[in-house]
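Asks: coords below, sequence missing:
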């Protein structure tokens, strides 16, 4: 790249210095990182995969617009609302999904209300509830609570998963130039190439326990390579198609609304927004810590909340899942060290383009499950590592019992409930059953404990050590960039 090695390996805040080709490759890498989790939500709920991709891209661009184009965040499908979709449309019924989507859109309005309160009363009064002793463990919990899905995906073929992990590690540790900053895309392409080669040489088709056919190594079930259905989908899918149908949108309810279902949807789904708002603040804190920029201060948490809320409202109205800032892409930022938000916007544009091509979407969907598992394993670990870094860099004093208790409660609830037999805590309100995820319970418990326990040692203001640390690093980077 025409720079000395030291500068080449440092963080990049202006991707234009890398050239258009490398920027496009970096954008595609971010798209690959979000793809597996983003398309999983519609697969579980019955929503459209193509519309999910379209509004993930549109939502990301809206988020960047409202956050003054400063925050390198990608918005993908939110897993937090899965319980809400399941409560309204348990079997993915097409006629019920628009009602669930309306409830999610109302949840997005809560983001806008909170953003307004922050604007009126000031971010300090809100952020004092989210010191590093709360956000750090929450970030750790986000990564660890996602880890099970990564391990489950890896277990379908640990050989291929380890190959993907190995390629990422080699590229990130020993790679030079462009190889060093695109380890994810190289991990996908390299492990997929090896999987295809193995399938040609040693592949045998079997019927899995779920009744689906899989191409495996030597006919061994836990050495799966490709789903036969995903391969056939590539052949059958057209090159061009519309991402969604109006019959699947909330607008289809006009003139034919079941008021009882509407009310049920709102009461059931809107409370979930409390948890997702906490996750949003944790994600923005994680991105801030990763790129050494205080995005809670500038452009402001109220702007990022507006961006996230508007993206969720628009996506839901058109029959796509709720949007949320994606931890996978924060992991990519940590690995690539390229922090320019324009790269994320490139990924958003590619997601939108691919949404109009069922064949391309089918090709990406055919990426072997263990490949996505291996990549997710690294990315989810990177998220937790950012949480640890958040705690260490802010010098949280664990000699204080209150800090130990807060961190312990957040982690135990977040991880313990997630991996319990129930998977969530469910309770009835006014005859409605509401479920809170482990991360939601852990986050709320941490916020409450921090508010009521004596001995607070953190105050969010312009002179806080957290802001001084980030602002000083940002100034150093600006000086280095010349």
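Replies: Yep, it's here. Given the structure is predicted, the values throughout are model-derived calculations rather than measurements.
Asks: now stretch 247-267: buried residues?
Replies: Judged by neighbour count using 16 or more other CB atoms under 10 Å, the buried positions of stretch 247-267 are 248-250, 252-253, 261-262, 264-267. (C-beta placed from N, C-alpha, C; glycine too.)
Asks: and for stretch 410-428?
Replies: Buried-residue list, stretch 410-428, by 16+ other CB under 10 Å: 410-415, 417-418, 424.
Asks: among the residues you listed, find me the one that's closest to residue 375.
Replies: residue 418 (20.7 Å; CB to CB).
Asks: how near is that closest one to residue 30?
Replies: Between residue 418 and residue 30 the distance is 26 Å, computed by CB to CB, to the nearest Å.
Asks: do the same with residue 117
Replies: 32 Å.
Asks: now, the buried residues of stretch 247-267 that are in helices?
Replies: Assigned to helices by DSSP state H, the following of these qualify: 261-262, 264-267.
Asks: and for the host helix or strand of residue 232, what's in contact with it?
Replies: Secondary structure assigned from DSSP states H and E places residue 232 in helix 228-236. The contact list for helix 228-236, computed with CB atoms under 8 Å, 6 or more residues apart in numbering, reads 205, 212-215, 359, 362-363, 365-366.
Asks: for that helix, what is the distance to the chain centroid?
Replies: 27 Å (CA atoms, centre = their mean, to the nearest Å).
Asks: just give me the closest of the ones in helices among the buried residues of stretch 247-267 to residue 66.
Replies: residue 266 (24.2 Å).
Asks: and that closest one, how far from residue 343?
Replies: Relative to residue 343, and taking CB to CB, residue 266 is found at 37 Å.
Asks: and whichever strand or helix holds residue 187, what does it pack against?
Replies: Counting by DSSP H and E, the element that carries residue 187 is helix 183-202. Applying 3 or more CB pairs under 8 Å, 6 or more residues apart in numbering; DSSP states H and E, one finds that helix 183-202 contacts helix 20-45, helix 158-174, strand 213-217, strand 224-227, helix 327-336, helix 369-393.
Asks: tabulate the ones you listed (CSV), appending distance to residue 291.
Replies: Formatted as CSV, the helices and strands packed on helix 183-202 follow (distance: least, CB to CB, whole Å):
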stretch, distance to residue 291
helix 20-45, 14
helix 158-174, 17
strand 213-217, 40
strand 224-227, 36
helix 327-336, 6
helix 369-393, 10
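Asks: same list, these, but as a markdown table with mean pLDDT, mean neighbour count and distance to residue 53 please.
Replies: Shown next, in a markdown table, are the helices and strands packed on helix 183-202 (pLDDT from 0 to 100; neighbours: other CB atoms under 10 Å; distance: least, CB to CB, whole Å):
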| stretch | mean pLDDT | mean neighbour count | distance to residue 53 |
| --- | --- | --- | --- |
| helix 20-45 | 80 | 21 | 7 |
| helix 158-174 | 90 | 19 | 22 |
| strand 213-217 | 87 | 21 | 25 |
| strand 224-227 | 86 | 22 | 19 |
| helix 327-336 | 79 | 26 | 15 |
| helix 369-393 | 82 | 23 | 16 |
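Asks: of these, which approaches residue 401 most closely?
Replies: Of all the helices and strands packed on helix 183-202, helix 369-393 comes closest under CB to CB, at 16.1 Å.
Asks: tell me which helix or strand comes right after that closest one.
Replies: Immediately after helix 369-393, counting by DSSP H and E, sits helix 401-418.
Asks: give me the contact list for that following helix.
Replies: 133-134, 136-138, 140-141, 144-145, 148, 391, 396-398, 423-425, 437-439, 441-443, 445-446, 449-450, 453-455.
Asks: mind checking pLDDT for residue 9?
Replies: If you check residue 9, the pLDDT there is 56.
Asks: going forward can the numbers begin at 11, since that is how I track them
Replies: Fine by me, first position is 11 from now on; the one you just mentioned is residue 19.
Asks: pull out the buried positions in the host helix or strand of residue 143.
Replies: Per DSSP H and E: residue 143 is located in helix 142-164. Within helix 142-164, the residues that qualify as buried are 142-157, 159-160, 163-164, counting by 16+ other CB under 10 Å.
Asks: burial count for residue 214?
Replies: 14 (other CB atoms under 10 Å).
Asks: next one: the one 4 residues further on
Replies: Per other CB under 10 Å, the neighbour tally for residue 218 reads 13.
Asks: which residues does the most centrally placed residue in the chain contact?
Replies: In the chain, the residue lying closest to the centroid (CA atoms, centre = their mean) is residue 336, at 2.3 Å. Taking CB under 8 Å, 6+ apart as the criterion, residue 336 is in contact with 43-44, 47-48, 83-86, 293.
Asks: next, give phi and psi for the nearest residue to it once chain neighbours are set aside.
Replies: Nearest residue to residue 336, sequence neighbours excluded (CB to CB, 6 or more residues apart in numbering): residue 86, at 4.4 Å. Dihedral pair for residue 86: phi -130, psi -170, per degrees, to the nearest 10.
Asks: mind putting the ones in helices among the buried residues of stretch 257-277 in a markdown table, distance to residue 322 included?
Replies: Formatted as a markdown table, those follow (distance: CB to CB, whole Å):
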| residue | distance to residue 322 |
| --- | --- |
| 271 | 20 |
| 272 | 18 |
| 274 | 19 |
| 275 | 15 |
| 276 | 14 |
| 277 | 18 |
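Asks: out of those residues, which one sits closest to residue 173?
Replies: Each of these was scored against residue 173 by CB to CB, and residue 275 proved nearest at 43.9 Å.
Asks: so how far is residue 276 from the nearest residue to that closest one once chain neighbours are set aside?
Replies: Excluding its sequence neighbours, the residue lying closest to residue 275 (CB to CB, 6+ apart) is residue 113, at 3.4 Å. Counting by CB to CB, the separation of residue 113 from residue 276 is 5 Å.
Asks: next one: residue 354
Replies: In terms of CB to CB, residue 354 sits 32 Å off from residue 276.
Asks: try residue 356
Replies: For residue 356, the distance to residue 276 - CB to CB - is 36 Å.
Asks: show the contacting residues for the closest residue to residue 185 other than its chain neighbours.
Replies: Closest residue in space to residue 185, ignoring its immediate chain neighbours: residue 193 at 6.9 Å, by CB to CB, 6+ apart. By CB under 8 Å, 6+ apart, the residues touching residue 193 are 177-179, 181-182, 185, 345-346.
Asks: try it again at 7 Å.
Replies: Residues in contact with residue 193 (CB atoms under 7 Å, 6 or more residues apart in numbering) are 178, 181-182, 185, 345.
Asks: need the ones in helices among the buried residues of stretch 257-277 in JSON lines with distance to residue 74 and pLDDT, can you?
Replies: Converted to JSON lines, these look like this (distance: CB to CB, whole Å; pLDDT from 0 to 100):
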{"residue": "271", "distance to residue 74": "35", "pLDDT": "83"}
{"residue": "272", "distance to residue 74": "32", "pLDDT": "86"}
{"residue": "274", "distance to residue 74": "34", "pLDDT": "79"}
{"residue": "275", "distance to residue 74": "29", "pLDDT": "82"}
{"residue": "276", "distance to residue 74": "29", "pLDDT": "83"}
{"residue": "277", "distance to residue 74": "33", "pLDDT": "77"}
